[in-house]
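Visitor: Got a predicted model here, sequence first, then my questions.
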Amino acid sequence: MKFWPFERKSLAEPDAELLSLFGVVPGTISKAQALEVAAVKSAITVQSEAAATLDIKIVRVADDGTETDEPSHPVAKLLHDQVNPWTNKFEFIRDLMVQALTNDAGAIAWVNRVDGTPVEILQYQPGAITASYSDVGEPTYAIDGRTLNPADVIHLRDGFSRCALSMAMRAITVAWHLENHAINLFKKGARPGGVIEFPAANLGDDALKKMLTAWRKAYGGSENTGDTAVLWGGAKFAQMALNSTDAQFLENRRFAIIEIARAFRVPPGMLFELERQTYTNGEQQGREFLSYGLEPWLQALEASLRRALFTAEERPKYKIVIDRDDLTRADLAVRANAVNSLIASETINPNEGRAWLGMQPYTGGEVFGNRNINVKPVADV
């Protein structure tokens, strides 16, 4: 980089030297371009929206370990409907997950309290709230030069110092360039390029430019595909042969999607890469997505919400539970057989089974017993 004479640089059109100052490697794409890759957008959407669709409950833990729902708790009311006047619970959880997956600093939101009670949650744009860490990892949060109380900050982030989007940027860049290659291939006639050979060795620059301009105007672009080429002056057109990369273009694009799925821990079938998916392995991949792809985020979400929404005195008494039943729900016949087996083994009572099916309890349904053996109601035996 030249220090003298001074040269004015512009962030609107940064060159390689200016990009290097910000840690950007020439040749890589921006995050905005990365999100244009359909597989990336799908991977982020399937994780963020899956988490946002789940119900959030506040559970009170008694001294003997008994847990009861507390729907009247202020935190439960906040997470059930509107977290602030313009953001509902679905949008809040979805946007929190999106930021955590695409922003290196993670997703940060601030809890506004009145007399110690949380009344709204404000999620700022990335970078508005900054986080710095001590040698032991203790965070310090600030906004506009004002330090925030860490107990009022919801912070959801990846386990690494960078988000999934940044760490997968090389694989995403490959997919992005493959899509661009496809665009250019069809834009220029959906056929490989070639060379025009002239017998005359003294072809001037002006003649060359005129010839290329006329050729592209007459035969370039998909709208001119199939037209008959006319050459003059003894010229010959030699079409370039397909190389291995061109011949395996679809395989390369398919592998790029699998790489993105691997980086975001999402089964390829959920990104609509179905070449090797069957009913059996698709169901297994769905279970693995819940266990290894989404479950760690749900537990991190529960912990971050609990830390910021409850005081130190409340945390031993309350916990935040995200209901996973909607994601593990099978078809009705399978669920009915499972509930019946659990009731028969006296693992659950009928009212608990009805609650799983979204039905109201009935009198006497809290009694454990095997209805397949006892002809009379258990309460009358």
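Guide: All right, it came through fine. The shown structure was predicted, so the numbers you read here are calculated from the model rather than taken from an experiment.

Visitor: And the residue lying closest to residue 60 once chain neighbours are set aside, what's its pLDDT?
Guide: Excluding the flanking residues, the one nearest residue 60 by Cβ to Cβ, 6 or more residues apart in numbering is residue 70, at 4.7 Å. All C-beta spots, glycine's among them, are computed from the backbone N, C-alpha and C. Turning to residue 70, the model gives it a pLDDT of 88.

Visitor: measure residue 70 to residue 313 for me?
Guide: Using Cβ to Cβ, to the nearest Å, residue 70 is found at 15 Å from residue 313.

Visitor: Could you check which of the two has the larger neighbour count?
Guide: Using other Cβ atoms under 10 Å as the criterion, residue 70 and residue 313 rank with residue 70 on top: 15 against 7.

Visitor: from memory the more buried one sits against residue 58, does it?
Guide: Yes - the pair residue 70 / residue 58 is scored as a contact, 4.6 Å apart, by Cβ atoms under 8 Å.

Visitor: about what we covered before: state the distance from the residue nearest to residue 60 to residue 124.
Guide: For residue 70, the distance to residue 124 (Cβ to Cβ) stands at 29 Å.

Visitor: and if you look at residue 269?
Guide: Counting by Cβ to Cβ, the separation of residue 269 from residue 124 is 35 Å.

Visitor: of the two, who's got more company?
Guide: A direct count of neighbours by other Cβ under 10 Å for residue 269 and residue 124 places residue 269 higher, at 19 against 13.

Visitor: Helix, strand, or coil at the residue nearest to the more buried one when sequence neighbours are not counted?
Guide: Sequence neighbours aside, residue 277 is the residue nearest to residue 269 in space, at 4.4 Å (criterion: Cβ to Cβ, 6+ apart). Look at residue 277: counting by DSSP: H, G, I helix; E, B strand; the rest coil, its state is coil.

Visitor: Which residues lie in contact with residue 277 in this structure?
Guide: Residue 277 makes contact with 268-269, 285, according to Cβ atoms under 8 Å, 6 or more residues apart in numbering.

Visitor: Filter those down to just the ones in strands.
Guide: Secondary structure from DSSP state E places none of the contacts of residue 277 in strands.

Visitor: So what touches stretch 34-51?
Guide: Here stretch 34-51 has contacts from 93-95, 97-98, 101-102, 165, 168-169, 172-173, 175-176, 179, 256-257, 260-261, 263-264, 266, 270-273, 293-294, 297-298, 301, 322, 327, using Cβ under 8 Å, 6+ apart.

Visitor: Try it again at 7 Å.
Guide: Where contact means Cβ atoms under 7 Å, 6 or more residues apart in numbering, the residues beyond stretch 34-51 that reach it are 93-94, 97-98, 101-102, 165, 169, 172, 175-176, 179, 257, 260-261, 264, 266, 270-271, 293-294, 297-298, 301, 327.

Visitor: just checking, residue 253 touches residue 178?
Guide: Yes - taking Cβ atoms under 7 Å as the definition, residue 253 is a contact partner of residue 178 at 5.1 Å.

Visitor: what about these two, which has more around it?
Guide: Neighbour totals were compared for residue 253 and residue 178, and residue 178 leads with 20 against 17 (other Cβ under 10 Å).

Visitor: Quick one: list the elements packing against whichever helix or strand the more buried one is part of.
Guide: Residue 178 is located in helix 169-187, with elements delineated by DSSP states H and E. Packed against helix 169-187 by the contact rule (3 or more Cβ pairs under 7 Å, 6 or more residues apart in numbering; DSSP states H and E) you find helix 31-34, helix 249-264.

Visitor: List the buried residues in it.
Guide: Buried positions in helix 169-187, judged by neighbour count with 16 or more other Cβ atoms under 10 Å: 169, 171-176, 178-179, 185.

Visitor: As CSV, these with distance to residue 309 and pLDDT would be great.
Guide: As requested, the buried residues of helix 169-187 are exported to CSV (distance: Cβ to Cβ, whole Å; pLDDT from 0 to 100):
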residue, distance to residue 309, pLDDT
169, 34, 91
171, 36, 89
172, 34, 91
173, 39, 90
174, 41, 87
175, 38, 88
176, 39, 88
178, 44, 83
179, 42, 84
185, 52, 68
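
Visitor: Any chance of CSV for those residues, columns distance to residue 32?
Guide: Shown next, in CSV, are the buried residues of helix 169-187 (distance: Cβ to Cβ, whole Å):
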residue, distance to residue 32
169, 12
171, 17
172, 12
173, 13
174, 17
175, 15
176, 11
178, 18
179, 15
185, 24
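
Visitor: Mutual contacts of residue 70 and residue 58, please.
Guide: Shared contacts of residue 70 and residue 58 (Cβ under 7 Å, 6+ apart): residue 76.

Visitor: In the stretch 251-381 of the chain, where is pLDDT below threshold?
Guide: For the stretch 251-381 of the chain, applying pLDDT under 70 flags the ranges 279-280, 282, 326-334, 372, 374-381.

Visitor: can you pull out the strands in it?
Guide: 318-322 (DSSP state E, counting those that start in this stretch).

Visitor: can you give me the helices for it?
Guide: 279-288, 295-309, 325-328, 332-344, 350-356 (DSSP state H, counting those that start in this stretch).

Visitor: Just the C-alphas of the longest one, formatted as PDB.
Guide: The C-alpha coordinates for helix 295-309 follow below in PDB (Å, rounded to 0.1, in the frame of the first residue of the first chain):
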ATOM      1  CA  GLU A 295     -31.600 -29.300  20.000                       C
ATOM      2  CA  PRO A 296     -28.300 -27.500  20.900                       C
ATOM      3  CA  TRP A 297     -29.700 -24.200  19.700                       C
ATOM      4  CA  LEU A 298     -33.000 -24.800  21.600                       C
ATOM      5  CA  GLN A 299     -31.000 -25.500  24.800                       C
ATOM      6  CA  ALA A 300     -28.800 -22.400  24.300                       C
ATOM      7  CA  LEU A 301     -32.000 -20.400  23.600                       C
ATOM      8  CA  GLU A 302     -33.600 -21.600  26.800                       C
ATOM      9  CA  ALA A 303     -30.500 -20.800  28.900                       C
ATOM     10  CA  SER A 304     -30.000 -17.300  27.400                       C
ATOM     11  CA  LEU A 305     -33.700 -16.400  27.900                       C
ATOM     12  CA  ARG A 306     -33.700 -17.700  31.500                       C
ATOM     13  CA  ARG A 307     -30.500 -15.800  32.400                       C
ATOM     14  CA  ALA A 308     -31.900 -12.500  31.200                       C
ATOM     15  CA  LEU A 309     -35.600 -12.700  32.000                       C
END
